[in-house]
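Q: Mind looking at a prediction? Sequence and model below.
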Amino acid sequence: MIHIAPSILSADLLHLEEEVRAVAENGADFIHVDVMDGHFVPNLTFGPNMVRALKRIVQLPLDVHLMISNPDFYIGRYAEAGANLLTIHQETCPHLHRTVQMIHQAGMKAGVALNPATPLVTVEEILPDLDLLLIMSVNPGFGGQSFIPTSLKKIARARALIEAVGRDIFLEVDGGISPDTAPTVVAQGADVLVAGNAIFGQPDPVKALRALRAAAETREV
Ligand code: DX5
Ligand code: ZN
């Protein structure tokens, strides 16, 4: 089953409640929240207060993607705010095993994200402890960028590693997902697709979400 995670990064912040409710009631599986600190990535976005506010209006799991340095300091605050899945970047965590344990101890599912240039081997040892592996198919920081084609082989290799672990671990792909790129990404083994521009960047986000799901479920290469 393919999970679609609309990213509020591309939503109209002045109509956020309306836009999030619309996708939540019409087929979204997670709501993806991009947290940026202006340090690890060259952009600033939301914090725990946004997660807390979203929690009041949707039942869907909140998939919080931390693009921040020193994520350990904030794990408790995102748990308290209501994050269900907390994904940190491998590049920000020298003690990744400890950070993943902290996320679990705080009662959330744990994900690890890899930038396009970060090799998969850097998460091979931690994979059995994860609930989600996020392959970035753009350099993190902005919505609306083009999908990096070399990500495809990485997604396929990540799927093989997950199969070897032998338990359910989501394989999420984030960046440049659209009805054009989704079928190939799914064919390589992704099962969670994050989409900002392809959903909230469109005049009718619900229609765009349905189009993305239809494309993703064709599984054409
Ligand atoms: C990028 C973020 C993405 C972003 C994707 O740094 O992690 O979640 O919202 O945007 P699109 O789908 O527009 O590439
Ligand atoms: Zn993201």
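A: On my side now, so go ahead. Numbers count the residues shown, from 1 in each chain. Ligands and ions are numbered 1, 2, ... in the order given.
Q: For the lengthiest helix in the chain, give the mean pLDDT please.
A: In the chain, with assignment by DSSP state H, the single longest helix is helix 151-165. In this model, helix 151-165 has an average pLDDT of 98.
Q: Pull the residues that contact that helix.
A: 114, 116, 120, 124, 127-128, 133, 135-137, 169, 171, 173, 175, 184-185, 188-190 (Cβ atoms under 8 Å, 6 or more residues apart in numbering). Backbone N, C-alpha and C define where each C-beta goes, glycine included.
Q: tell me which residues in it are buried?
A: 151, 152, 154, 155, 157, 158, 159, 161, 162 (16 or more other Cβ atoms under 10 Å).
Q: For residue 174, see how far away residue 150 is.
A: Relative to residue 174, residue 150 is positioned 15 Å away (Cβ to Cβ, to the nearest Å).
Q: repeat for residue 60
A: Using Cβ to Cβ, residue 60 is found at 17 Å from residue 174.
Q: which of those two has more neighbours?
A: Between residue 60 and residue 174, counted using other Cβ atoms under 10 Å, residue 174 has the larger neighbour count: 26 against 17.
Q: returning to that earlier point: and the buried residues of helix 151-165 near ligand 1, which?
A: Among these, proximity to ligand 1 is found for none (Cβ under 6 Å from any ligand atom).
Q: can you redo those residues as TSV with distance to residue 73?
A: Formatted as TSV, these follow (distance: Cβ to Cβ, whole Å):
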residue	distance to residue 73
151	30
152	35
154	29
155	31
157	32
158	28
159	33
161	29
162	29
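Q: Which single one of the residues you listed is nearest to ligand 1?
A: Taking Cβ to the nearest ligand atom as the measure, ligand 1 lies nearest residue 151 of those, at 11.8 Å.
Q: and the closest residue to ligand 2 within the chain, how many residues sit next to it?
A: Relative to ligand 2, the nearest point of the chain is residue 65 (3.7 Å; Cβ to the ion). Neighbourhood size, residue 65 [other Cβ under 10 Å]: 27.
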